[in-house]
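Asks: attaching a predicted model along with its sequence, questions to come.
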Amino acid sequence: MINAIFQRLDRSARLVAPFFLSVFFVLLSALPVHLPGYGQIAMDVGLMTVFYWAIYRPDLFPAFAAFALGLWQDILVGDPIGLHALILLLANWAIVSQRTFIQGKSFGVIWWSFSLVALAASILSWIIICGLNVTLVSPMPVLFQAVLTVGAFPFMAWILARTQHVILKSADV
């Protein structure tokens, strides 16, 4: 009886691991870095995790998880509440709708697909920020953020793949 409870508890923990790992990575990315202007161009870790899980384990990272992660990111970095929630929700929808095309392709195709999603997310973010401020804001920080995010994606994908293999595959989740 105790063994069955621990097995169910272990399985439940493994099922929520992608979401809580993403929450942890967003928290790490929001830690203060004492570099001038870095806050404006910091990598979008939330987008990287949503992209990865939407391709490889959409059953463990549904749309409401992407929305919740976006709200968490908005709260941590001080962006308007709902900005990243909307962007991550739209990104999740776009990725899941194209999942059959992306899944099983080489990493180069996946990285290229991510770069398109990151660029679209950055442009949408810039448009929303300009609309909220009712003025044109310089697009350069947003473009630098997109470049940093795309450049860091292989490393994040490797970490998430190792995590998926260790945490999720060992329990046949």
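Replies: Noted; the coordinates are in hand.

Asks: what's the pLDDT at Q73?
Replies: pLDDT recorded at Q73 is 94.

Asks: so it touches I81, yeah?
Replies: No. Under the criterion of CB atoms under 8 Å, Q73 is not in contact with I81, lying 10.3 Å apart. Using the backbone N, CA and C atoms, a C-beta is placed for each residue, glycine as well.

Asks: more neighbours: which of these two?
Replies: Taking neighbours as other CB atoms under 10 Å, Q73 and I81 compare with Q73 leading, 25 against 11.

Asks: check contacts around that one.
Replies: V26, A30, G46, D79, H84, L88 (CB atoms under 8 Å, 6 or more residues apart in numbering).

Asks: widest-spaced pair of those residues?
Replies: Farthest apart among the contacts of Q73 by CB to CB are A30 and L88. That separation is 14.7 Å.

Asks: neighbour count winner among those two?
Replies: It is L88, of A30 and L88, that has more neighbours when counted by other CB under 10 Å, with 30 against 18.

Asks: where's the more buried one relative to P18, distance?
Replies: L88 sits 14 Å away from P18, going by CB to CB, to the nearest Å.

Asks: which intervals of the chain have sub-threshold pLDDT?
Replies: The model of the chain has pLDDT under 70 over residues 35-41, 168-173.

Asks: ok, which stretches of it are helices?
Replies: 2-29, 38-41, 45-56, 63-77, 83-97, 99-102, 107-133, 140-163 (DSSP state H).

Asks: what's the most buried one of those helices?
Replies: helix 45-56 (a mean of 26; mean count of other CB atoms under 10 Å).

Asks: residues in contact with that helix?
Replies: Contacts with helix 45-56, where a contact means CB under 8 Å, 6+ apart, come from 18, 21-22, 25-26, 28-29, 60-61, 65-66, 69-70, 72-73, 84, 87-88, 91-92, 95-96, 99, 102-103, 110, 114, 117-118, 121, 149, 152-153, 156-157, 160-161, 164.

Asks: got the angle for that helix vs helix 107-133?
Replies: Going by axes from the mean of the first three to the mean of the last three CA atoms, to 10 degrees, helix 45-56 is angled at 130 degrees with respect to helix 107-133.

Asks: from the chain's centroid, how far away is helix 45-56?
Replies: Chain-centre distance of helix 45-56: 4 Å, with CA atoms, centre = their mean, to the nearest Å.

Asks: send the alpha carbons of it over as PDB?
Replies: The C-alpha trace of helix 45-56 is given here as PDB (Å, rounded to 0.1, in the frame of the first residue of the first chain):
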ATOM      1  CA  VAL A  45      14.000  31.400 -21.300                       C
ATOM      2  CA  GLY A  46      10.200  31.000 -21.100                       C
ATOM      3  CA  LEU A  47      10.000  30.900 -24.900                       C
ATOM      4  CA  MET A  48      12.700  28.400 -25.100                       C
ATOM      5  CA  THR A  49      11.100  26.000 -22.600                       C
ATOM      6  CA  VAL A  50       7.600  26.400 -24.200                       C
ATOM      7  CA  PHE A  51       9.100  25.700 -27.600                       C
ATOM      8  CA  TYR A  52      10.900  22.600 -26.400                       C
ATOM      9  CA  TRP A  53       8.100  21.000 -24.400                       C
ATOM     10  CA  ALA A  54       5.500  21.900 -27.100                       C
ATOM     11  CA  ILE A  55       7.400  19.800 -29.600                       C
ATOM     12  CA  TYR A  56       8.500  16.900 -27.500                       C
END
